[in-house]
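Student: next input, structure requested:
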Amino acid sequence: MSHSNSKNKKMWQYAIDLHKQLYPNDFGVLIKDGGYFPKISEILITRRKKRIYSLLDIERLPSHLMSSNSLPLVVKTGNGRRLMFQDASGFFRIKLNNEHTIHILRSVLNSKISIEYTIGTEKALLLLHDICQTGVKKLIRNLPKSGVWEIYDYNNLPYYQKIKTQIVDEFERFAVHPKYKILEDDFKQFFDDIEYYTRYGQSGMRKVLLTGPPGTGKTTIVKSLASIHRKNIAIIYASGDNFYLACKEAAKKQRPVLIIAEEIDELYRANASVLSFLDGSLTPVNKAGTYVIFSTNYPKRIDPRISKRPGRIDRIISVGAFRRKAAIECAKMYLPADCNIADKELGDALDRTTPAEIKEIINVALGMIRATKDDLTGNALINARKYLSKSLKIAINECDEDSDFRNDHYDEYGPEPDYNDY
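Tutor: Next comes the predicted model:
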């Protein structure tokens with residue numbers, strides 16, 4: 001027997017002996033070269049960096065194996081800075097939760113070759129595998145009845161991860177957006193009259209497309225709709241092929257669902273199966289109702305077989321820049337509580353701006369008055385708006401300049417004063 005085979009035998013025998021000592025009554029499953037340690041180590045480091053409370057922990061135990069660490073990383077934790085390692089050699093106890101613990105013996109020979117033995121109960125190893133594959137300890141396989149979720153695919157089966165409540169709560173206040181009520185009214189009418197959309201064998205799927213330039217609030221009003229209605233219906237964020245999976249799961253469970261699928265590539269490059277899925281023989285039938293929201297910044301790029309065919313997109317809602325009244329309502333969410341700008345003055349300063357622009361204009365204006373010690377006025381907002389517009393134009397012009405342009409300009413005009421210095 002070669003030295004390498006002898007060493008491997010000693011490692012797996014050592015792993016079995018240790019498992020028997022710790023769990024004399026539990027049958028141990030041994031997995032060779034599963035590559036679990038670097039994955040679980042990365043997950044633990046990520047949780048520590050984000051300060052996520054977790055029972056997951058890695059403890060090095062004494063063993064006859066040579067202990068070493070590789071790929072060091074400094075992580076800030078609640079107790080200060082801690083040196084952690086993304087890979088290592090030695091014997092490790094991995095605590096997954098209060099019930100399940102597994103052990104890993106790992107020997108890293110070089111950057112490409114390693115030997116690893118993982119041992120634990122069948123339930124513990126199944127939990128370890130799920131955590132390493134998905135980052136979560138429990139896979140929710142069934143379509144939830146309510147709440148806001150993301151759908152993923154694992155081994156050709158769906159699972160769901162809940163979006164944090166505090167993130168969802170932040171968006172309720174954006175229901176003041178002028179296009180929010182249009183979307184919500186359409187959403188409510190669809191589910192109130194679902195029998196109308198499922199008669200004569202219809203699929204019960206309604207597809208709404210939000211269009212508009214970046215920053216106009218398309219994503220915001222969708223999140224606001226999700227936040228306000230999450231207690232009564234399942235809201236699923238889906239991307240790529242998971243959009244189809246979400247629609248099929250809703251039809252399978254015959255459960256009302258709102259599916260949010262922003263900027264999916266299939267809108268731009270549709271094939272026959274995509275077209276049939278949107279309006280044809282492949283459309284999943286859900287008599288409880290499947291309400292789908294798409295969004296795009298580039299409506300002209302949508303495949304004309306989708307945009308020009310009734311039924312493939314049921315309604316288009318254009319979300320553009322705000323006029324005075326809407327701009328005033330949006331600005332009041334970002335202005336300081338002691339701001340006394342009159343509505344007319346505020347509307348004049350912010351007419352034809354997007355929500356993203358309004359937020360940035362106010363931030364710039366506040367920065368300007370801190371330096372000048374002036375009050376926040378309509379003129380300060382106008383100046384901030386001009387500054388942002390000018391900055392963008394300068395940036396675009398400078399990006400367009402190349403060495404030939406600069407040299408030609410120098411040859412024609414010579415050295416010029418830099419007016420920004422004055």
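
Student: show me the contact partners of whichever helix in the chain runs longest.
Tutor: Criterion DSSP state H: the longest helix present in the chain is helix 378-400. Helix 378-400 has contacts (Cβ atoms under 8 Å, 6 or more residues apart in numbering) with 341-342, 345-346, 348-350, 353, 357, 360-362, 364-365, 368-369, 374. Where you see a C-beta, it was placed from the backbone N, CA and C, and this is true even at glycine.

Student: mind redoing it with 10 Å?
Tutor: 331, 335, 341-342, 344-350, 353, 357-358, 360-369, 372, 374, 376-377 (Cβ atoms under 10 Å, 6 or more residues apart in numbering).

Student: buried members of those into PyMOL, please.
Tutor: Typed into PyMOL, the line below selects the buried ones among the contacts of helix 378-400, using 16 or more other Cβ atoms under 10 Å:
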select buried, resi 331+335+341+345+346+347+349+350+353+357+358+360+361+362+364+365+366+368+376+377
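
Student: before we move on, which element is Pro336 in?
Tutor: For Pro336, there is no host helix or strand (DSSP states H and E).

Student: ok, it - contacts?
Tutor: Contacts for Pro336 (Cβ under 10 Å, 6+ apart) come out as Ile362, Leu366, Leu376.

Student: what about it, distance to Pro158?
Tutor: To Pro158, Pro336 is 45 Å away according to Cβ to Cβ, to the nearest Å.

Student: before we move on, what about Glu412?
Tutor: 64 Å.

Student: which one's more surrounded, these two?
Tutor: Shown here are Glu412 and Pro158; by other Cβ atoms under 10 Å, Pro158 has more neighbours (21 against 7).

Student: quick check: phi and psi on the nearest residue to Leu56 once chain neighbours are set aside?
Tutor: Once flanking residues are discounted, Leu56 sits nearest to Leu44: 5.4 Å by Cβ to Cβ, 6 or more residues apart in numbering. Main-chain dihedrals, Leu44, degrees, to the nearest 10: phi -60, psi -40.

Student: try the one 4 residues further on
Tutor: Dihedral pair for Arg48: phi -70, psi -40, per degrees, to the nearest 10.

Student: buried sites along the helix or strand harbouring Ala124?
Tutor: Element membership for Ala124, per DSSP H and E: helix 122-134. The neighbour-count check on helix 122-134 (16+ other Cβ under 10 Å) flags Ala124, Leu125, Leu127, Leu128, Asp130, Ile131, Cys132 as buried.

Student: now do that helix: which elements does it pack against?
Tutor: Counting by 3 or more Cβ pairs under 10 Å, 6 or more residues apart in numbering; DSSP states H and E, the packing neighbours recorded for helix 122-134 are strand 29-32, helix 36-49, strand 80-95, strand 101-108, strand 114-120, strand 147-154, strand 157-162.

Student: how about 8 Å then?
Tutor: Applying 3 or more Cβ pairs under 8 Å, 6 or more residues apart in numbering; DSSP states H and E, one finds that helix 122-134 contacts strand 29-32, helix 36-49, strand 101-108, strand 114-120, strand 147-154.

Student: which one of those lies closest to Lys95?
Tutor: strand 101-108 (5.2 Å; Cβ to Cβ).

Student: off-centre distance for that closest one?
Tutor: Here strand 101-108 is found 32 Å from its chain centre; the criterion is Cα atoms, centre = their mean, to the nearest Å.

Student: ok, stretch 191-205 next?
Tutor: Taking Cα atoms, centre = their mean, one finds stretch 191-205 lying 31 Å from the centre of the chain it belongs to.

Student: ok, residues contacting it?
Tutor: Applying Cβ under 8 Å, 6+ apart, the contact partners of stretch 191-205 are 190, 206, 233, 247, 256, 283-292.

Student: pLDDT on the longest helix of the chain, on average?
Tutor: Helix 378-400 carries an average pLDDT of 82.

Student: residues of it that come out buried?
Tutor: Neighbour counts over helix 378-400 (16+ other Cβ under 10 Å) mark Gly378, Ala380, Leu381, Ile382, Asn383, Ala384, Arg385, Leu388 as buried.

Student: CA atoms of whatever helix or strand comes next after it as PDB?
Tutor: Downstream of helix 378-400, the next assigned helix or strand under DSSP H and E is helix 403-413. Taking C-alpha atoms only, helix 403-413 is exported to PDB below (Å, rounded to 0.1, in the frame of the first residue of the first chain):
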ATOM      1  CA  SER A 403      -5.800  62.300 -26.800                       C
ATOM      2  CA  ASP A 404      -6.200  63.400 -30.400                       C
ATOM      3  CA  PHE A 405      -9.000  65.800 -29.500                       C
ATOM      4  CA  ARG A 406      -7.000  67.300 -26.600                       C
ATOM      5  CA  ASN A 407      -3.800  67.700 -28.800                       C
ATOM      6  CA  ASP A 408      -5.800  69.300 -31.700                       C
ATOM      7  CA  HIS A 409      -7.400  71.700 -29.200                       C
ATOM      8  CA  TYR A 410      -4.000  72.600 -27.800                       C
ATOM      9  CA  ASP A 411      -2.500  73.100 -31.200                       C
ATOM     10  CA  GLU A 412      -5.300  75.500 -32.200                       C
ATOM     11  CA  TYR A 413      -5.700  77.500 -29.000                       C
END
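
Student: flag every buried residue along helix 403-413.
Tutor: Across helix 403-413, burial judged by 16+ other Cβ under 10 Å covers no residue at all.

Student: what's the average pLDDT for that helix?
Tutor: For helix 403-413, mean pLDDT rounds to 75.

Student: same question, stretch 320-339
Tutor: Stretch 320-339 comes out with an average pLDDT of 91.

Student: okay, now the unreliable bits of the stretch 151-300 of the chain?
Tutor: Counting by pLDDT under 70, the stretch 151-300 of the chain has low-confidence residues at 154-156.

Student: run through the bridge partners of the closest residue to Trp149 other than its chain neighbours.
Tutor: Nearest non-adjacent residue to Trp149, counting by Cβ to Cβ, 6+ apart: Tyr160, 4.4 Å away. For Tyr160, the beta-bridge assignment (DSSP bridges) gives partners Ile140, Ile151.

Student: that's all I had, so thanks and see you.
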